[in-house]
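Enquirer: the amino acid sequence is not available; the structure is as follows:
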């Protein structure tokens, strides 16, 4: 196997490969630097938090929308046949809490 390149070409290839190797080593150095690793970890955590918050928002929005449809008609008016019993139960619970608190104190 004979190499038909001239010494100048061989030297130019060596210089080019040395530059490529230096660039690769610089990239590796940046990737393994503690600040880079911490920054990447923070970015991953922030992304997961954003995803979780987004899912929570959608779930809450669906729930509230479902509750709203139980108590509000499609024309926007209240469904009194459902609101009145819920209001009476809430008033009863508040009354029980007041009576219970007074008994503990007295």
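Expert: Structure received. Only a predicted model underlies this, so the values are computations on that prediction, with no experimental measurement involved.

Enquirer: what ranges does this protein have for its helices?
Expert: Applying DSSP state H to the chain gives helices spanning 7-32, 34-71, 80-105.

Enquirer: run the angle between the longest one and helix 80-105 for me.
Expert: Note on geometry: by axes from the mean of the first three to the mean of the last three C-alpha atoms, to 10 degrees, helix 34-71 and helix 80-105 are set 110 degrees apart in direction.

Enquirer: on that earlier part again, any chance of the helices of the chain in CSV, plus mean pLDDT?
Expert: Listed next are the helices of the chain as CSV, based on pLDDT from 0 to 100:
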stretch, mean pLDDT
helix 7-32, 94
helix 34-71, 93
helix 80-105, 91
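
Enquirer: reformat those as CSV; add mean neighbour count.
Expert: For glycine as for every other residue, the C-beta is placed from the backbone atoms N, C-alpha and C. As requested, these are exported to CSV (neighbours: other C-beta atoms under 10 Å):
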stretch, mean neighbour count
helix 7-32, 10
helix 34-71, 10
helix 80-105, 10
